[in-house]
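>>> here is a sequence together with a model predicted from it:
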Amino acid sequence: MVSRTEDPQVTIGQGTLRGVRLDGVRSWKGIPYAAPPVGEWRLRAPRAPEPFAGVRDCSRFGPIAPQNEHGPLPIDPGLTIDEDCLTLNVFAPATDTERPRPVMVWIHGGAYYLGSSGQRMFDPSRLVERGDVVVVTFNYRLGALGFLDFSSFSTEEHRFDTNLGLRDQIAALTWVRDNIAAFGGDPGDVTLFGESAGGGAVTTLMTSPPAEGLFHRAIAESSPATSVYGRDRAASIAESFLELLDVAPADAGRLRDLPVDVLTKACVELVQQVPARVPGTLAVAPTVDGDVVPHYPVATFRKGLAHRIPLLIGTNKDESSMFRLMKSPLMPITPDAVHQMFVAIAADHPDLPADEEQAVAAAYPDYPKKRSAMEISRDAAFRMPTLWIAEAHSRVAPAWLYRFDYATPFLRAARIGATHGTEVPYVFGNFGVVPHDPTFKLGGHRTAGHVSERIQRRWLSFATEGTPDGTGEEVGWPRYDEADRTTLLIGKNDAVVADPDRELRRAWGEEVIGFT
């Protein structure tokens with residue numbers, strides 16, 4: 001039974017925060033890390049948080065970023081939606097210590113237009129107690145308000161800043177640097193970790209000059225690292241968004257006055273349209289702006305210019321099956337859509353060989369059957385960018401590569417497998433928190449618990465000791481390098497395998513394939 005004792009208070013520069021203690025974890029939720037991004041500050045870079053008088057109640061999560069209330073990602077009960085959403089949450093062990101604790105900062109996923117830090121799956125209590133760490137989660141701007149680039153429509157009267165969602169993340173990390181010591185955390189020992197769009201944010205921030213020094217290790221789970229676009233494509237997508245709103249580019253300043261639900265509805269429509277028009281692309285994503293993102297992240301890694309910090313990175317074996325199940329356009333999962341993706345990539349890269357699609361398809365014996373098309377899509381979006389990054393980063397800093405292969409009996413029987421996002425409950429140790437989740441309909445809960453314990457030990461070992469070897473109970477996980485390309489396959493039992501993606505690497509070649 002959960003027991004609640006005295007409410008812990010912490011004083012920082014903004015004021016005094018009153019949190020909650022439940023058993024072995026203290027938490028402070030809904031702490032503003034930036035000023036409200038509303039009114040004239042909509043679509044502008046985040047500003048410093050405002051101080052508050054008295055004692056602020058931090059017992060509940062703050063509002064989540066505007067998004068589709070009835071979308072594919074359920075919103076947990078009790079969470080509210082509001083444009084004033086730039087808050088974070090701190091979770092710390094209930095016991096005090098003289099030695100500052102390592103800090104882990106989580107970036108949630110959701111294709112850059114969905115999700116929040118308040119999802120029950122992301123409750124870090126087990127990580128906090130098991131690892132004796134401080135964990136921070138936070139909300140950031142999503143969709144049109146966070147990842148559309150309207151800067152090409154800026155005027156002297158109406159200025160639009162770039163990469164607002166990434167700027168929010170940097171503001172949250174800056175807050176952690178400046179304040180986490182008050183919660184017992186070590187600002188010089190921060191591990192940034194995230195999944196999907198959150199993993200993409202991790203790999204992008206590893207190439208962002210304003211983020212340098214704000215975190216010291218990184219974990220990127222299923223990062224869509226090549227889903228970062230140039231200014232021309234970003235401007236074109238932003239113009240399509242204005243068309244949906246029936247707003248002329250010259251009148252883009254109206255974006256500050258339109259109701260937020262109007263912007264959200266148009267963004268949902270845009271998210272459907274863009275990948276249908278150009279398979280393999282996203283409507284909302286980071287932009288190469290020459291500032292927060294100076295260059296394409298994978299190219300930056302290839303040049304050895306990413307922040308030289310330890311990196312743990314990997315993907316799931318069956319990433320794309322979820323998108324088939326949801327009938328989502330976010331990934332091209334039919335042979336025709338995959339073909340159109342290669343046609344569009346060739347248009348972006350006229351220097352690619354004319355038979356690039358055929359060369360890649362040779363590694364998938366059943367192509368163009370639908371399952372092979374899904375595998376190509378998986379590798380284009382997740383596996384190959386991850387391999388390119390691991391290979392490049394291993395030349396300049398420690399890197400570890402994994403593939404999450406574990407699936408419960410039901411997920412295997414349903415031909416879903418280890419799909420996108422299925423590793424997340426194992427990382428946090430939270431099962432059964434999603435309504436109507438069929439994962440354990442055919443059993444497997446005990447095995448899943450053992451897999452979760454191993455992953456948590458490895459992730460925590462990486463965050464606290466700098467290597468993901470766990471406690472000695474796990475098999476050793478050697479660093480990734482180009483000599484043997486050692487990869488950890490996470491299944492019912494872990495296995496260390498040399499270069500399990502050899503054929504894929506050879507088929508895709510050395511050239512980074514993605515959209516500009």
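Nice, thanks for sending it over.
>>> buried stuff in stretch 473-485?
Within stretch 473-485, the residues that count as buried by 16 or more other C-beta atoms under 10 Å are Glu474, Trp477, Pro478, Tyr480, Arg485. Where C-beta positions appear, they are placed from N, C-alpha and C, glycine not excepted.
>>> kindly export that stretch (C-alpha atoms) in PDB.
Output of stretch 473-485 as PDB, limited to C-alpha atoms (Å, rounded to 0.1, in the frame of the first residue of the first chain):
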ATOM      1  CA  GLU A 473      24.600 -10.700 -13.600                       C
ATOM      2  CA  GLU A 474      24.300  -9.700 -17.300                       C
ATOM      3  CA  VAL A 475      26.500 -10.700 -20.100                       C
ATOM      4  CA  GLY A 476      29.200  -8.200 -20.900                       C
ATOM      5  CA  TRP A 477      28.300  -5.500 -23.500                       C
ATOM      6  CA  PRO A 478      31.500  -4.500 -25.400                       C
ATOM      7  CA  ARG A 479      31.700  -1.000 -27.000                       C
ATOM      8  CA  TYR A 480      30.700  -0.800 -30.600                       C
ATOM      9  CA  ASP A 481      33.600  -0.300 -33.100                       C
ATOM     10  CA  GLU A 482      34.100  -0.900 -36.800                       C
ATOM     11  CA  ALA A 483      36.300  -3.900 -36.300                       C
ATOM     12  CA  ASP A 484      33.600  -6.300 -35.000                       C
ATOM     13  CA  ARG A 485      30.500  -4.100 -34.700                       C
END
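>>> so how far is it from its chain's centroid?
Offset of stretch 473-485 from its chain centre (C-alpha atoms, centre = their mean, to the nearest Å): 24 Å.
>>> and the closest residue to Gly131 other than its chain neighbours, what element?
Distances taken as C-beta to C-beta, 6 or more residues apart in numbering place Leu460 nearest to Gly131, at 3.6 Å, with adjacent residues excluded. According to DSSP states H and E, Leu460 maps onto helix 445-465.
>>> now Lys492
Using DSSP H and E, Lys492 is not contained in any helix or strand.
>>> and it, what pLDDT?
Per-residue pLDDT puts Lys492 at 96.
>>> what's the answer for Asp76, then?
Taking Asp76 on its own, its pLDDT is 86.
>>> give me phi/psi at it?
Main-chain dihedrals, Asp76, degrees, to the nearest 10: phi -60, psi 140.
>>> that one contacts Ser117, doesn't it?
No. Asp76 sits out of contact with Ser117 when judged by C-beta atoms under 8 Å, with a separation of 10.6 Å.
>>> more crowded one of the two?
Using other C-beta atoms under 10 Å, the more surrounded residue of Asp76 and Ser117 is Ser117, with 26 against 17.
>>> please name the nearest non-neighbouring residue to that one.
Spatially, and ignoring its direct neighbours in sequence, Ser117 is nearest to Thr137 (3.8 Å; C-beta to C-beta, 6+ apart).
>>> name the strands paired with the helix or strand containing the one you found and say parallel or antiparallel.
Applying DSSP H and E as the criterion places Thr137 in strand 134-138. Partners of strand 134-138 in the sheet, by DSSP bridges, are strand 87-93 (antiparallel), strand 101-107 (parallel).
>>> just the buried positions in the helix or strand that it is followed by, please.
Using DSSP H and E, the next helix or strand after strand 134-138 towards the C-terminus is helix 143-147. Of all the residues in helix 143-147, those buried under the rule 16+ other C-beta under 10 Å are Gly143, Ala144, Leu145, Gly146, Phe147.
>>> which single one of those is nearest to Tyr364?
Phe147 (31.3 Å; C-beta to C-beta).
>>> what spatial separation is found between the closest one and Asp82?
Between Phe147 and Asp82 the distance is 18 Å, computed by C-beta to C-beta, to the nearest Å.
>>> same deal with Asp499?
48 Å.
>>> same check, this time on Ala337
Going from Ala337 to Asp82 by C-beta to C-beta gives 36 Å.
>>> the strands paired with strand 134-138 into TSV, with extra columns for mean pLDDT and mean neighbour count?
Compiled in TSV, the strands paired with strand 134-138 are given as follows (pLDDT from 0 to 100; neighbours: other C-beta atoms under 10 Å):
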stretch	mean pLDDT	mean neighbour count
strand 87-93	98	24
strand 101-107	98	25
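>>> Serialize the ones you listed to TSV and add fields for distance to Leu401.
As requested, the strands paired with strand 134-138 are exported to TSV (distance: least, C-beta to C-beta, whole Å):
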stretch	distance to Leu401
strand 87-93	28
strand 101-107	20
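>>> if we can go back for a sec, out of the buried residues of helix 143-147, which is nearest to Leu164?
Lowest distance from Leu164 to those (C-beta to C-beta) belongs to Gly146, with 4.9 Å.
>>> quick revisit: so which of the strands paired with strand 134-138 comes closest to Pro279?
Taking C-beta to C-beta, strand 101-107 is the member of those nearest to Pro279, at 26.2 Å.
>>> can I get that closest one in CSV? Just the C-alpha atoms.
Coordinates of each C-alpha in strand 101-107 appear next as CSV, following Å, rounded to 0.1, in the frame of the first residue of the first chain:
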residue,chain,number,x,y,z
ARG,A,101,23.1,11.8,-7.3
PRO,A,102,23.4,11.2,-11.1
VAL,A,103,20.6,12.7,-13.0
MET,A,104,18.5,11.2,-15.9
VAL,A,105,16.4,13.5,-18.1
TRP,A,106,13.7,11.9,-20.2
ILE,A,107,12.4,13.3,-23.5
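>>> tell me which residues are up against that strand.
If you take C-beta atoms under 8 Å, 6 or more residues apart in numbering as the criterion, strand 101-107 is touched by 92-93, 117, 122, 124, 127, 131-138, 140, 169, 172-173, 176, 180, 184-187, 189-194, 197-199, 201-202, 215, 463-464.
>>> wait, Ile31 sits on Leu88?
Yes. Counting by C-beta under 8 Å, Leu88 is a contact partner of Ile31 at 5.4 Å.
>>> for the most centrally placed residue in the chain, what are its contacts?
Nearest to the geometric centre of the chain sits Gly198, at 1.0 Å (C-alpha atoms, centre = their mean). Gly198 sits next to Trp106, Ile107, His108, Gly109, Gly110, Glu221 when contact means C-beta under 8 Å, 6+ apart.
>>> gap between the nearest residue to the fourth one once chain neighbours are set aside and Ala285?
Going back to what we said before, that points to Gly109. Once flanking residues are discounted, Gly109 sits nearest to Ser196: 3.0 Å by C-beta to C-beta, 6+ apart. Ser196 sits 12 Å away from Ala285, going by C-beta to C-beta.
>>> shared neighbours, those two?
Each of Pro224 lies in contact with both Ser196 and Ala285 under the rule C-beta under 8 Å, 6+ apart.
>>> low-confidence ranges in this protein?
1-5 (pLDDT under 70).
>>> can you map out the strands along it?
Using DSSP state E, the strands of the chain run over 9-12, 15-18, 20-22, 25-32, 55-57, 87-93, 101-107, 134-138, 185-195, 217-221, 311-316, 399-404, 486-490, 495-498.
>>> now distance to Ser452 too, for the ones you listed, in TSV please.
Compiled in TSV, these are given as follows (distance: least, C-beta to C-beta, whole Å):
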stretch	distance to Ser452
strand 9-12	30
strand 15-18	31
strand 20-22	21
strand 25-32	18
strand 55-57	33
strand 87-93	18
strand 101-107	16
strand 134-138	16
strand 185-195	15
strand 217-221	14
strand 311-316	15
strand 399-404	12
strand 486-490	10
strand 495-498	17
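>>> among those strands, which comes closest to Ala354?
Ranking the strands of the chain by proximity to Ala354 (C-beta to C-beta) places strand 311-316 first, at 28.8 Å.
>>> isn't Ala399 right next to Tyr480, touching?
Yes. Assessed by C-beta under 8 Å, Ala399 is found in contact with Tyr480 at 4.7 Å.
>>> grab the nearest non-local neighbour of Ile490.
Phe404 (4.8 Å).
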